[in-house]
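Undergrad: Sequence and predicted structure below; questions after.
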Amino acid sequence: VVSIILAFISVYDPMSSVIGKRCVCRVEVSRVEWNFLHPWQRTPQSKSTGTAFVIEGRKLLTNAHVVRSATDIRVRPHGSTRRYPAEVLHYAPDFDMALLKIKGEQEEIDFFSENGRDNGSGTEEPDAKRKKLPQGLQFATDLPALHESVHVVGFPTGGNTICVTEGVVSRLDFISFSKALMLTIQIDAAINPGNSGGPALNSEGLVTG
C-alpha cells in the first residue's frame, strides 16, 4: 500500500498539470503614493508584491494596481532566485492592466534565458543546465464554458513560492467598470492578496482571464 501511495505521489504533481507555470513571475514593488489632501507631499515608501506573466514580444502583463505609483519594480521568475529590474511600458488603470518590460539589454537577455539563475551555492549554473524561459503564454480565443475547470497561478502573500489553486467558471456577465461595460468571468478558485496580475489558465494552458 505504501509503495502504491508513493508511486501515486511521484506521478501526480498538480504543478505539472499547469502548462506554462514557468512564465509566471513574482513582482516586488516599492511605491510612494501621492497625498491628495496635500499635493506637495508624498506618503512614506511602502512595499507590496503581486504577480505577472510573460506574453509574446518579451513583455510581462500584470494588473495596473500592482505597479501603481511604483518607484522600483523587481521581477523574479518561477524557479529562480534572481530579481530583475523592470519598468512600466503601458499603464491602463481604466482596465486595471499594465505592461512591463525588463530594464537593460543584458538583464532582458538573462531573464529570458535565465542566465542569472544560481544553484543555491552562490554560483551560476553551468550552461548545459540553464533553461530558457518560455516565450510567453497564449490567450484563449473562445470564452470558457460554465463549470469549465481553471487553474489560477500566482504568488500570494505569506510565501515566496508559486501557488496554484483550482476552480471552475461560475459566471459570465457584464459589469460596469470605470464608466464602461466590461465582460467578466467569475471563478470560484481561491485568490488571495499577491495573486493580482496572475493568469487563470484553462485545461490547455491558455490564458482565459
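TA: The structure has been received and is ready for your questions. These numbers come from a predicted model, not from an experiment.

Undergrad: what's the single longest strand in this structure?
TA: For the chain, the strand that runs over the most residues, judged by DSSP state E, is strand 163-177.

Undergrad: Report the rounded mean pLDDT for the following helix or strand past that one.
TA: Moving toward the C-terminus from strand 163-177, the first helix or strand encountered (DSSP states H and E) is strand 180-187. Throughout strand 180-187, pLDDT has a mean value of 84.

Undergrad: And the residue sitting nearest the centre point of the chain, how close does it get to residue 65?
TA: Among the residues of the chain, residue 52 comes closest to the average C-alpha position under CA atoms, centre = their mean, at 2.8 Å. Summarising the geometry, the distance separating residue 52 from residue 65, computed by CB to CB, to the nearest Å, is 13 Å. Just so you know, the C-beta spots here come from the backbone N, C-alpha and C atoms, and that holds for glycine as well.

Undergrad: just residue 196 next, same as before
TA: When distances are taken as CB to CB, residue 196 and residue 65 turn out to be 7 Å apart.

Undergrad: So residue 183 sits against residue 174, correct?
TA: Yes: in terms of CB atoms under 8 Å, residue 183 counts as a neighbour of residue 174; the distance is 5.9 Å.

Undergrad: Tell me how many other residues surround residue 155.
TA: Residue 155 is surrounded by 27 other residues when neighbours are defined as other CB atoms under 10 Å.

Undergrad: Looking at it now. What's its pLDDT?
TA: Listed pLDDT for residue 155 reads 94.

Undergrad: For it, list the residues it contacts.
TA: Under the criterion of CB atoms under 8 Å, 6 or more residues apart in numbering, the neighbours of residue 155 are 24, 26-27, 49-51, 161-163, 194-195, 198.

Undergrad: Out of those, show me where the pLDDT dips lowest.
TA: The minimum pLDDT among the contacts of residue 155 falls on residue 161, with 88.

Undergrad: thinking again about what came up before, list the buried residues for the longest strand of the chain?
TA: Residues of strand 163-177 classed as buried under the neighbour-count rule (16 or more other CB atoms under 10 Å) are 163-165, 167, 169.
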